[in-house]
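Engineer: My questions are about this predicted structure, shown below with the sequence.
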Amino acid sequence: GIISANWATVDKETKDYVTIISELGRKRYKDKMNLFNASQKIIQLKKEHAEADTGKKMSGNLKKQPTASKLVHMGSPVRRN
């Protein structure tokens, strides 16, 4: 293509400069993606911990409720006219 044909006429110093800039851009992108992925992992872990804590609280609440054998059946409510 046109780019490869023109690239053949570019001097070595310019090619080296463009290569360095490209590598810096790739490194910056990779670093930002790693940071983003790490932040997403932290967010996910926080959600999992919150869900686990909520589950513990709920199971703790369930344990505090009386069992069926301890409940007293009171019958149906009295209707008044």
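Structural biologist: Received, thanks. Numbering: from 1, shown residues only.

Engineer: so where's this protein shaky on pLDDT?
Structural biologist: Within the chain, the stretches with pLDDT under 70 are 58-81.

Engineer: Scan it for its longest helix.
Structural biologist: helix 12-64 (DSSP state H).

Engineer: distance between that helix and the chain's centre?
Structural biologist: Centre-to-centre, helix 12-64 and its host chain are 7 Å apart (CA atoms, centre = their mean, to the nearest Å).

Engineer: Output the contacting helices and strands for that helix.
Structural biologist: Under the contact criterion of 3 or more CB pairs under 8 Å, 6 or more residues apart in numbering; DSSP states H and E, helix 12-64 touches no helix or strand at all. Every residue, glycine included, has its C-beta placed from N, CA and C.

Engineer: give me every residue that touches Val18.
Structural biologist: Counting by CB atoms under 8 Å, 6 or more residues apart in numbering, Val18 makes contact with Val10.

Engineer: How much space separates it from Val10?
Structural biologist: 8 Å (CB to CB, to the nearest Å).
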